[in-house]
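> Sequence and computational prediction follow.
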Amino acid sequence: MDITGLVSSLSGSTARAATPLIFAAAGEVLVQRSGVVNVGLEGILLGSAFTATIVTYTTHNPWLGLIAALITGGIMAAIFSAFTIYGAADQVVVGVVLNLFALGVTGTLFRILFATHAAKTMELPFVFHTIPILTPFTLAAVAVVWYILYKTRLGLEIRACGEKPSAAAASGVNVLKLRTLVTVFGGVLAGAGGAFLSIGQNNAFAENMSAGRGFIALAIVTAGRWNPIGCLIAALVFGLSDALQFLGQAIGLDHYYRLLLIHLHLLTVAKQFNVNHVPYNLFLAVPYVVTLVILLGSSKSTRAPASLGKPYVRI
Amino acid sequence: MSARRMTTPRSLSARVIKVALQACAAALSFLILLAGTLTLFGIRAKTALPAIADGAFGGWQYGHLYALSETVVEAVPLILTGLGVLVAWQAGMFSIGGEGQLLIGALSAMTVEHFIGNTPAPLITFLMLVASVVGGALWGGIAGWLRTTRNVQEVISTIMLNYIALYLVGAAVLGPLQEPSHSGPETALLPDPVLFAHILPAAWTGGITARLHTGVIIALIAVPCTAVWMYRTRTGFALRLTGRNADAARTAGFSVDRVRLIAMVVSGALCGLAGSVQLLGVSARLDQQFSPGWGYSAIPVALMGGLTPGGTLVSALFFGALTAGTNSAERTAGVPAVVADVLLAASVMAVVAIRAWRGRAQLASGGD
C-alpha cells in the first residue's frame, strides 16, 4: 500500500474511532466541571445506540433514529441525576448500576426483537463520500462547550458549582438544578456518540457494542485536564490507537513478524509454541492499554474540580 | 433511627419475625418486579414464571435435585466474585474489575496446566487454584497500585484491565494455549482427573449427571473466611474504617494507601479463584466466551447482599436460582435468559432508590 493511501485511511479510521469519544467527552467536561462524574456514560452510549437502531429500523429514517438517540441520552442522564444529584446517592454506584441496566435491557430486547432476522438498518449519510456526517459535528460540540465554559456567565456558574457549590449557592445559583441541567446536556451529547456507534458509520447494533468507550471518555476528560480542547486532542490520540489495528493489518505486520523470526532463526521454536503469528486480539487491546498509560501519566499532576463527585446537600 | 434501635432492646423472636417479614416483602416485591419485567418485554408471565421456577427448583424434567444443582452451580462464580467485590467496595475502592481478574485467574490456571501437564492430577488441580489466586491478585493489585501511587481512579482502570484481560485470553487461545489441532480459538479440554468431581450420583437426578461439583466447597469456605477476615481482624477493621472514613483511618494510624492496595489484591484473588473454580468445575476449557459476565453481575449481587459476606451468599444463591431458572425457561418457554441481567440491575436500582430516598428523608428531618 502506498503512503498517501495509508495516511488517508489511517486518518479516516482515527476520526471515526474518535467521534463517539469526542461527543461523550465534550459533554462530560461540562458535567465534571459542575462537580458531577457521570459514571453511567457507558450505559448511555449503549442505550442510545440501541434506540437509534430501533427507531431507524421501524421508521426507515436515520434522522429520526438520531433524534431518538439524543432523547435517550437525555432521559438516562436525567435518571442518573435524579438519583445522584437530588437523591445524593453515590455517583459510582448509580453509574455502575445504570450501565448494567442498559446492558441487560438492550441485550434482552435485541434478542427478542431480532431473534429471527438481522438487525440491518439504514445509516446516516456521509459527506465527501467517506466522512460520516456526525464526525464534523464533534468540532461544533467542542466549540460550543468551550464557549459556554469560558465565555458565558452560565459557564462561570458551572465552574463555581464544581469548585465550591456552597459559595455558588450563596451567590444565588441553584446548584442542584444547574448540575441536573448540565448532566442532561452531557447525556444528549453522549446520545449523539451512541447514535454514531450504531447508525453513524455502520448500520447494525451489536450487544455491548459500546465496549468500554464510556469509560475511555471519562479517562479522556482526565487526560484532557477538564478542558474541551485538551479532550479533543486526547480523544484523537485514543482514536489513533484504535486505528492502529487497521494499520497493523494494512502493512502486513504478521508478514514482517515472520520475516523477523526467520532472520533470528526462531521460526521452528515459535511454531512449537504456536507463537509464529500475531493474534489480532493483541491489536484490539491497544486502546485500553493506551488509556491506562495515559492515565498513569496524567492523573497525578492534574487538578480536578475541587468538589468533583461530591453530592451537594442544602443545609 | 439507630438511636431508637439502641434504646429499645428487642427479644430474639421479635427480631426473627421482623427479618422474616422483611424477607417475605422482598420476595413478594421481587416477584412483582419479575412479572412486570416479563410483561414489559412481551412475555406471558403466566407461562414464563412457572418455567423459571421449574428450572431453578425442579420438578419439570430431571427432578428437584438436578434443578437445585443448577442453581448452586450458577451461584458459585457469583459467590466468589461477589465476595471479591464486597472486599474492595467496603474499603471504598469501587472496583469493577472482577471480570478481568476472573479471566486472568482462569488464564493463569490454564498456563500452569499447560507447562506442568505431566505432574500427578491432584497436584495440577492444586497448582491451578494457586495460580488463579496469584494471577487475580496481581491483576487487582495493578489497579490498587495505580490508585495509590498514581491516583488513577479504579472505576476507569479496572474496566480497561477487564478488556485487556479479555483480549489476552483471546490471544492466548489463538497462540501458545491453543488446542493441538490449531483450528479453533480455544484450549484443549482439561483431562478428567484434573477436574473437580461431580457430587451427585446420576441415579439421583434422572440418569443425567448434575453439574454440581466439589468446587462449591471452596466457595462455601470462602464466605466465613472473608467474614472472619473482615470483622475479626485488625486489617479487616482498617479496611472497613478506610471505606467509611479515610480521614478517620489515617488519624487512627492506618496507612490508607496500604489498606486500599490490600483490598484490591484480596478482591482480585477471590475473583481469580472464581476463574479456576469455574474452569475446573464446569467449562474444562478456556476461550474468549469463558465468562458471561460474572465479574459484572457480582456488583449487583454484592450490593443486594448489603456488601456483607452472608448477605452476598444469600443474594448469589438467589441470582443463581434466577439464572438457572431463566436458562432453563429459554429452552422450555422461549424466555430470553438475559432477562436475569435486567432483573439484577432493576432490583439494585430499586434498592439504591430506596436508600437515596431514606437518606434524603433522614437529612431533611435531621438537617433542619
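Looks like it came in fine. Numbering: from 1, shown residues only, chains lettered A, B, ... in the order given.
> Which parts of chain A are helices?
Under the criterion DSSP state H, helices of chain A are mapped to A:3-33, A:41-59, A:62-81, A:91-113, A:134-151, A:153-163, A:165-170, A:175-195, A:213-223, A:228-250, A:253-263, A:267-272, A:280-298.
> Ok, which of those comes nearest residue B:54?
Distances from residue B:54 to each of those were compared by CB to CB, and the smallest falls on helix A:91-113, at 20.3 Å. For glycine as for every other residue, the C-beta is placed from the backbone atoms N, C-alpha and C.
> follow-up on the earlier one: can you lay out the helices of chain A as CSV showing mean pLDDT, distance to chain B and mean neighbour count?
CSV is the format used below for the helices of chain A (pLDDT from 0 to 100; distance: least, CB to the nearest CB, whole Å; neighbours: other CB atoms under 10 Å in any protein chain shown):
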stretch, mean pLDDT, distance to chain B, mean neighbour count
helix A:3-33, 89, 12, 23
helix A:41-59, 93, 8, 28
helix A:62-81, 95, 9, 23
helix A:91-113, 86, 3, 23
helix A:134-151, 93, 21, 17
helix A:153-163, 93, 16, 19
helix A:165-170, 90, 14, 17
helix A:175-195, 95, 12, 26
helix A:213-223, 92, 4, 29
helix A:228-250, 86, 11, 20
helix A:253-263, 83, 12, 14
helix A:267-272, 80, 10, 13
helix A:280-298, 87, 3, 20
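> quick one: contacts for the residue nearest to the spatial centre of chain B?
Central residue of chain B (CA atoms, centre = their mean): residue B:78, 2.5 Å from the mean position. Neighbouring residues of residue B:78 by CB atoms under 8 Å, 6 or more residues apart in numbering or on different chains: B:294, B:297-298, B:301, B:316, B:319-320.
> what's the answer for residue B:159, then?
For residue B:159, the contacting residues are A:42, A:212, A:215, B:96-97, by CB under 8 Å, 6+ apart.
> just residue B:273 next, same as before
Contacts here follow CB under 8 Å, 6+ apart; on that basis residue B:273 touches B:80, B:105, B:129, B:132-133, B:136, B:218, B:222.
> rerun at 6 Å
Counting by CB atoms under 6 Å, 6 or more residues apart in numbering or on different chains, residue B:273 touches B:80, B:132-133.
> Would you map the helices across the stretch 1-150 of chain B?
Assigned by DSSP state H, counting those that start in this stretch, the stretch 1-150 of chain B shows helices spanning B:2-7, B:12-40, B:45-57, B:64-90, B:98-115, B:121-150.
> In a markdown table: those, plus distance to residue A:99 and mean pLDDT.
Formatted as a markdown table, the entries for the helices of the stretch 1-150 of chain B read as follows, by distance: least, CB to CB, whole Å; pLDDT from 0 to 100:
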| stretch | distance to residue A:99 | mean pLDDT |
| --- | --- | --- |
| helix B:2-7 | 32 | 44 |
| helix B:12-40 | 18 | 79 |
| helix B:45-57 | 25 | 81 |
| helix B:64-90 | 15 | 93 |
| helix B:98-115 | 12 | 96 |
| helix B:121-150 | 18 | 95 |
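> okay if I get these as JSON lines plus distance to residue A:71?
Shown next, in JSON lines, are the helices of the stretch 1-150 of chain B (distance: least, CB to CB, whole Å):
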{"stretch": "helix B:2-7", "distance to residue A:71": "43"}
{"stretch": "helix B:12-40", "distance to residue A:71": "19"}
{"stretch": "helix B:45-57", "distance to residue A:71": "29"}
{"stretch": "helix B:64-90", "distance to residue A:71": "33"}
{"stretch": "helix B:98-115", "distance to residue A:71": "31"}
{"stretch": "helix B:121-150", "distance to residue A:71": "35"}
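> nearest to residue A:107, of those?
Comparing the helices of the stretch 1-150 of chain B by their distance to residue A:107 (CB to CB), the top pick is helix B:12-40, with 13.2 Å.
> residues in chain B within reach of chain A, list them.
Near chain A, the residues belonging to chain B are B:41, B:94, B:150-152, B:155-156, B:159-160, B:163-164, B:167, B:170-171, B:174-176, B:178, B:299, B:336, B:338-339, B:341-342, B:345, B:348-349, B:352, B:356, B:367 when assessed by CB under 6 Å from any CB of the partner chain.
> Please pick the buried ones from the residues you listed.
Using 16 or more other CB atoms under 10 Å in any protein chain shown as the burial test, the residues of chain B next to chain A include B:41, B:94, B:150-152, B:155-156, B:159-160, B:163-164, B:167, B:170-171, B:174-176, B:178, B:299, B:336, B:338-339, B:341-342, B:345, B:348-349, B:352, B:356 as buried.
> So what's the residue count around residue B:231?
The local packing count at residue B:231 equals 12, with neighbours defined by other CB atoms under 10 Å in any protein chain shown.
> what about it, which helix or strand?
Residue B:231 is located in helix B:215-232, with elements delineated by DSSP states H and E.
> hmm, who's touching that helix?
By CB under 6 Å, 6+ apart, the surrounding residues in contact with helix B:215-232 are B:72, B:76, B:79-80, B:83, B:196, B:236, B:277, B:281, B:309, B:313.
> and if you look at stretch A:65-79?
Counting by CB under 6 Å, 6+ apart, A:44, A:47-48, A:51-52, A:55-56, A:183-184, A:187-188, A:190-191, A:194-195, A:199 sit against stretch A:65-79.
> Can you give the distance from stretch A:140-147 to the centre of its chain?
Distance, stretch centre to chain centre, for stretch A:140-147: 16 Å (CA atoms, centre = their mean, to the nearest Å).
> got it, and stretch A:162-170?
The chain centroid and the centroid of stretch A:162-170 are separated by 29 Å, computed with CA atoms, centre = their mean.
> what does that stretch contact?
So stretch A:162-170 is in contact with A:33-35, A:160-161, A:175, A:305-307, A:312, going by CB under 6 Å, 6+ apart.
> And stretch B:20-36, by the same measure?
Against stretch B:20-36 from outside (CB under 6 Å, 6+ apart): residue B:45.
> Pull out the CA atoms of stretch B:140-148 and give them to me as PDB.
Written as PDB, here are the backbone C-alpha positions of stretch B:140-148 (Å, rounded to 0.1, in the frame of the first residue of the first chain):
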ATOM      1  CA  GLY B 140      -6.400  -6.500  41.100                       C
ATOM      2  CA  GLY B 141      -3.100  -5.200  42.600                       C
ATOM      3  CA  ILE B 142      -2.300  -3.300  39.400                       C
ATOM      4  CA  ALA B 143      -5.500  -1.300  39.800                       C
ATOM      5  CA  GLY B 144      -4.700  -0.800  43.500                       C
ATOM      6  CA  TRP B 145      -1.200   0.300  42.700                       C
ATOM      7  CA  LEU B 146      -2.400   2.700  40.000                       C
ATOM      8  CA  ARG B 147      -4.800   4.300  42.500                       C
ATOM      9  CA  THR B 148      -2.400   4.500  45.500                       C
END
